[in-house]
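> Pasting the sequence and the predicted coordinates here, then a few questions.
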Amino acid sequence: MFKGHPKGLIAASLANMGERFGFYTMMAILVLFLQAKFGLTGGDAGLIYSVFYFSIYILAFVGGLIADRIRNYKGTILTGILVMALGYLIVAMPTETPVPEDKRTLLLILTNFGLFVIAFGNGLFKGNLQALVGQMYDNEKYGSKRDSGFSLFYMFINVGAIFAPFTAIGIRNWWLNNNGFNYNPDLPAMCHKHLESGLSEQALARFNDMQAQATNTAELANMNLDAFASKYLEVFSTGFHYAFGIAVGAMVISLLIYLANKNKFPSVQKKAKDDAKKEAVGSEMSTKEIKQRLYALFAVFGVVIFFWFSFHQNGLTLTMFARDYTDLSGIALNLGFVTIEGAEIFQSINPIFIVFLTPIVVGLFGWLRARGLEPSTPKKIAIGMFIAGMAYVVMILGSMGLPEFSTIDPQQDGVPLAEAQRVTPMLLIGTYFILTMAELFISPLGISFVSKVAPPQYQGIMQGGWLGATALGNQLLFIGAILYESVPLWMTWSVFVVACFISMGTMIFMLKWLERVSK
């Protein structure tokens with residue numbers, strides 16, 4: 001598979017697997033952790049989630065500027081690994097749960113500080129390691145394999161993403177079982193409501209039944225409800241803390257791999273003669289052509305904001321839907337010593353599909369190219385927006401007949417859905433399949449479009465613009481959580497359908513112009 005590629009490609013891929021492991025750990029459990037630990041609403045947890053993912057991408061731009069300034073890419077990457085590990089360590093440290101009111105603000109600040117440290121470390125690491133990979137293929141010996149090299153890199157690092165959610169679930173559920181409890185996704189919200197202001201009569205009866213089902217010892221089963229609620233929240237949240245701790249271990253492994261192979265990586269330095277060459281090429285463009293190229297890039301950036309706003313709901317509203325409306329027993333894996341069951345498991349679906357679908361999509365484009373039928377990059381992005389919209393059409397159809405969240409939310413005196421009333425997990429699996437297809441049409445091809453269209457003297461800043469557009473899309477994620485908790489489900493998913501289809505229409509409207517500019 002790696003034959004004919006630079007030796008450093010495998011090492012870079014292995015080093016990046018730790019970052020992907022941590023990234024998908026956060027995507028799988030961050031929102032659920034914030035709600036279980038602090039009793040936050042989906043809107044409040046979603047706001048923290050969206051700021052975190054905004055920070056990851058905007059700080060990747062900052063990390064690139066830092067590396068450019070100090071001219072030390074390898075050192076910046078090494079620092080990024082260490083900083084990320086520190087951030088995961090901060091959020092991995094168990095703290096008092098249920099959180100006392102007088103300590104709530106302090107512990108939330110500590111958690112958010114840990115998230116910022118993770119995001120900053122990711123910013124130092126992410127783009128700069130990709131720059132190293134790109135530099136490997138500047139060697140004429142490997143130049144013809146650049147596209148396939150990045151495809152292998154993208155596929156390989158997602159192996160770490162596949163295992164992250166399974167590991168997080170396994171650690172959390174193992175800790176629950178070790179303390180005499182069973183996993184129940186509805187219990188944290190019920191426990192918080194019971195301790196804060198009390199449950200409605202109907203919800204209280206359900207809570208009593210949940211206690212019996214969620215305990216493995218007579219002592220826990222007979223515990224008074226106040227003590228049971230406090231103990232379950234403590235154990236449940238501590239299991240999440242330990243799951244973050246596994247991400248620290250993944251970063252340590254990446255660090256060791258990186259240090260052992262550091263000499264295989266090229267030195268990414270911007271030589272003066274290369275800069276002069278780029279400036280010379282750039283000067284051949286007229287001011288009008290440069291402006292047209294920049295306008296085209298800004299137009300595409302504006303469109304992809306709404307893709308990321310829709311796509312990264314996978315770690316927010318789609319995860320909440322998995323917890324609240326999906327029959328999780330349908331995808332439970334019994335490993336003997338622990339049962340892998342939880343809403344977080346769906347976060348493994350996307351990287352699994354990436355690994356298996358990337359060769360198919362690349363092969364499809366190659367087959368079309370050989371026959372002169374390959375769509376232009378702007379057309380592929382438009383197709384990707386249509387595919388993303390169709391994923392949420394599936395969610396609309398699958399959500400028909402389901403009650404509004406307010407009727408099943410314990411915080412609003414609702415009663416969680418019984419297992420028999422929940423939908424099949426195939427609904428979300430199908431949605432993730434479609435979203436992954438959309439991702440493969442947009443994410444790598446968008447980066448390719450930027451590198452092709454950006455004037456040479458603006459290559460760096462325009463790649464930063466792509467990251468900035470991704471960051472802005474992530475910053476809007478919390479809107480989905482607010483809608484999820486306040487309007488019917490079909491209306492929530494409709495917002496993403498409309499956003500994707502309007503973006504598709506905009507791309508089609510600009511298609512001839514974008515194709516002309518990108519020639």
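Good, I have the coordinates. Numbers count the residues shown, from 1 in each chain.
> what's the pLDDT at D274?
Listed pLDDT for D274 reads 50.
> ditto for K145
Reported pLDDT for K145: 63.
> Same check on the one 5 residues further on?
F150 is assigned 69 on the pLDDT scale.
> Show me what counts as buried in whichever strand or helix holds G149.
Following DSSP states H and E, one finds G149 within helix 146-178. Counting neighbours by 16 or more other C-beta atoms under 10 Å, one finds that the buried residues in helix 146-178 are 149-177. Where you see a C-beta, it was placed from the backbone N, CA and C, and this is true even at glycine.
> again, but for stretch 313-320
So, applying 16+ other C-beta under 10 Å, buried residues of stretch 313-320: Q313, N314, G315, L316, T317, L318, T319, M320.
> Next, give me the two most distant ones among those residues.
Longest distance between any two of those is 10.8 Å, between N314 and M320; criterion C-beta to C-beta.
> Point out where the protein drops to low pLDDT.
1-2, 138-139, 142-148, 150, 267-284, 457, 459-460 (pLDDT under 70).
> can you give me the strands in it?
333-334, 339-340 (DSSP state E).
> Tell me which of those sits nearest to N216.
Taking the strands of the chain one by one with C-beta to C-beta, strand 339-340 is closest: 12.5 Å.
> Residues contacting that closest one, please?
F166, I169, G170, N173, Y183, A332, L333, N334 (C-beta atoms under 8 Å, 6 or more residues apart in numbering).
> Repeat that for stretch 410-422.
41, 186, 189-190, 192-193, 199-200, 202-203, 206, 324-327, 329, 403, 406-408.
> Check the separation of the first and last residues in that stretch.
Taking C-alpha to C-alpha, to the nearest Å, stretch 410-422 runs 17 Å from one end to the other.
> In that stretch, which residues are buried?
Applying 16+ other C-beta under 10 Å to stretch 410-422 flags P410, Q411, D413, G414, V415, P416, L417, R422 as buried.
> what's the offset of that stretch from the middle of its chain?
Averaged C-alpha coordinates place stretch 410-422 at 27 Å from its chain's average position (C-alpha atoms, centre = their mean, to the nearest Å).
> Please identify the buried residues of stretch 190-202?
For stretch 190-202, using 16+ other C-beta under 10 Å, the buried residues are M190, C191, H192, K193, H194, L195, L199.
> one step back: identify whichever of the strands of the chain lies nearest to V91.
Nearest of those (C-beta to C-beta): strand 339-340, 22.0 Å.
> Note down every partner strand of the closest one and its orientation.
Using DSSP bridges, the strands paired with strand 339-340 in its sheet are strand 333-334 (antiparallel).
> quick one: contacts of the partner strand?
F166, T339, I340, E341.
> Without its sequence neighbours, what residue ends up closest to the third one?
So the one you mean is I340. L333 (4.1 Å; C-beta to C-beta, 6 or more residues apart in numbering).
> Please apply the same query to the last one.
Taking C-beta to C-beta, 6+ apart, and ignoring the residues beside it in sequence, E341 has A332 as its nearest neighbour in space, at 3.8 Å.
> Can you show me the helices along the stretch 401-519 of the chain?
426-453, 459-475, 478-486, 489-509, 511-517 (DSSP state H, counting those that start in this stretch).
> To V83, which of those lies closest?
Closest to V83 of those is helix 459-475 (C-beta to C-beta; 18.1 Å).
> how about that closest one as CSV, C-alpha atoms only?
Extracted in CSV, the C-alpha atoms of helix 459-475 (Å, rounded to 0.1, in the frame of the first residue of the first chain):
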residue,chain,number,x,y,z
GLN,A,459,-1.4,30.5,-0.9
GLY,A,460,-0.8,30.5,2.8
ILE,A,461,-3.4,33.0,3.8
MET,A,462,-6.0,31.4,1.5
GLN,A,463,-5.5,28.0,3.1
GLY,A,464,-6.0,29.9,6.3
GLY,A,465,-9.2,31.2,4.9
TRP,A,466,-10.4,27.7,4.3
LEU,A,467,-9.7,26.8,7.9
GLY,A,468,-11.4,30.1,9.0
ALA,A,469,-14.5,29.1,7.0
THR,A,470,-14.5,25.7,8.7
ALA,A,471,-14.1,27.5,12.1
LEU,A,472,-17.1,29.8,11.4
GLY,A,473,-19.3,26.8,10.4
ASN,A,474,-18.3,25.1,13.7
GLN,A,475,-19.1,28.3,15.7
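> list the helices and strands it packs on?
Where contact means 3 or more C-beta pairs under 8 Å, 6 or more residues apart in numbering; DSSP states H and E, helix 459-475 is packed against helix 42-70, helix 287-311, helix 426-453.
> Quick one: work out the angle between that helix and helix 42-70.
170 degrees (axes from the mean of the first three to the mean of the last three C-alpha atoms, to 10 degrees).
> Now do the buried residues in helix 459-475.
Neighbour count says helix 459-475 has 460, 462-475 buried, by 16+ other C-beta under 10 Å.
> next one: it to chain centre, how far?
16 Å.
> residues in contact with it?
For helix 459-475, contacts defined as C-beta under 8 Å, 6+ apart pick out 50-51, 53-58, 60-61, 64-65, 68, 127, 278, 294, 297-298, 301-302, 304-309, 311-312, 446-447, 450-451, 453-454.
> Let me see the ranges of the helices in the stretch 101-250 of the chain.
101-136, 146-178, 187-196, 201-213, 218-221, 225-261.
> No more questions from me, cheers.
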